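S.K.: task: produce atomic coordinates for the following.
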Amino acid sequence: MAWYYSTGGQDRTGPVAWADIEAAYRSGVIGPTSLLWASHLAGWVPAATLLDAPAPPPIPEAAPSPAPGARAAFHCGLWSLLSMFLCFPVALGLGVAAIVQNQKAQRLARENPGAYLKPGSGGLVMAIIALAILPLLAVLGIASAIAIPAFLGQRDRARDKGAVANLNSGLYALAGECDLLKGRSPQEVKAGLEAALRRDASRNPWSPQGPAFTYAVEVVGGQDGDGFKEAARAAGGALGECAYVVQLPAERQPGMLGGAVRLKHPVAGSTWYVKVIPLD
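M.R.: Model prediction:
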């Protein structure tokens with residue numbers, strides 16, 4: 001900006017810079033009563049009015065702001081930690097992004113310490129924790145995928161074994177009842193065997209609230225070994241529920257007592273376990 005000054009009378013000096021005005025005032029060329037003018041002033045003003053006025057307060061420097069990437073690092077680290085149980089790839093990507101953004105923010109803070117604040121380590125720490133836990137979760141997931149089906153398979157096989165044990169115990173108990181019922185009519189034998197089953201409190205391993213037996217004994221006749229087994233399977237009930245058939249000994253007809261139970265896992269290629277014992 002151009003300045004003009006007058007030390008008295010009609011003389012005017014200018015245009016000069018403000019620094020020249022200040023130098024002339026300090027050296028005494030311009031006195032307190034000398035007049036100054038510039039285009040932004042309404043008129044000539046005494047030099048003392050401008051040069052002896054207190055200096056304006058310094059403009060405060062702007063406070064340092066968070067470095068670019070600092071907030072992104074924190075949020076990426078937080079969401080990486082929260083999402084590691086929900087989505088492995090997302091947690092991995094967020095963890096890597098948090099580390100990259102934290103490094104960027106630290107570099108900018110080092111290069112411009114007056115402009116940027118040093119980033120906190122919260123996002124970086126959360127990202128490192130998430131990236132450290134993710135491999136453990138992956139191993140745990142693989143182990144669970146192997147172990148859980150194996151455990152369920154063992155549990156199912158144990159239930160099948162329980163059903164077979166129920167069938168065998170019931171079969172031999174009914175064989176003893178048949179010895180006691182020798183000479184009785186088929187209807188009496190049937191009623192006696194069914195009563196014996198009802199006295200047994202065994203439960204179905206596949207349905208613990210249900211009984212182990214159907215409580216209905218089929219009396220058949222004229223069957224050979226294969227036909228008798230087929231009759232036993234036909235009498236079978238629900239999964240794990242034992243069913244029994246009996247063929248009383250007669251002329252040209254062997255006496256047989258058999259049972260069948262349906263299993264979940266095949267035994268010798270069949271999901272039916274059938275056992276037959278002879279009756280004298």
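S.K.: am I right that Val274 sits in a helix?
M.R.: No. Note on Val274: no helix contains this position according to DSSP: H, G, I helix; E, B strand; the rest coil, which reports strand.
S.K.: is it true that it touches Leu257?
M.R.: No. In this structure, Val274 is not within contact of Leu257 by C-beta atoms under 8 Å, at 11.9 Å. C-beta here means a position set from N, CA and C on the backbone, and glycine is covered the same way.
S.K.: between these two, which one's more packed in?
M.R.: The residue with more neighbours, out of Val274 and Leu257, is Leu257; 24 against 20, by other C-beta atoms under 10 Å.
S.K.: residue contacts, the more buried one?
M.R.: The neighbours of Leu257, taking C-beta atoms under 8 Å, 6 or more residues apart in numbering as the test, are Leu171, Leu174, Ala175, Cys178, Tyr244, Val245, Val246, Gln247, Val276, Ile277, Pro278, Leu279.
S.K.: for the third one, give its distance to Tyr273.
M.R.: Which is Ala175. When C-beta to C-beta, to the nearest Å is applied, the distance between Ala175 and Tyr273 equals 17 Å.
S.K.: buried set for the helix or strand containing His265?
M.R.: When elements are assigned from DSSP states H and E, His265 belongs to strand 255-267. Applying a neighbour-count criterion of 16 or more other C-beta atoms under 10 Å, the buried positions in strand 255-267 are Met256, Leu257, Gly258, Gly259, Ala260, Val261, Arg262, Leu263.
S.K.: and which of these is nearest to Gly28?
M.R.: Sorting those by how near they are to Gly28, with C-beta to C-beta, puts Leu263 at the top with 119.8 Å.
S.K.: quick one: the strands in the chain, in order.
M.R.: Residue ranges of the strands in the chain, as given by DSSP state E, are 3-6, 13-16, 35-38, 45-46, 65-66, 116-117, 203-204, 207-211, 213-219, 242-247, 255-267, 270-279.
S.K.: list phi and psi for Pro119.
M.R.: Torsion angles at Pro119 (phi, psi; degrees, to the nearest 10) stand at phi -70, psi 150.
S.K.: measure it to Arg71 for me?
M.R.: 9 Å.
S.K.: higher neighbour count, those two?
M.R.: Neighbour comparison, Pro119 and Arg71: the larger count goes to Pro119, with 26 against 15 (by other C-beta under 10 Å).
S.K.: that one is in contact with Pro68, isn't it?
M.R.: No. In this structure, Pro119 is not within contact of Pro68 by C-beta under 8 Å, at 9.7 Å.
S.K.: identify the contacts common to those two.
M.R.: Joint contacts of Pro119 and Pro68 (C-beta under 8 Å, 6+ apart) are Ala105.
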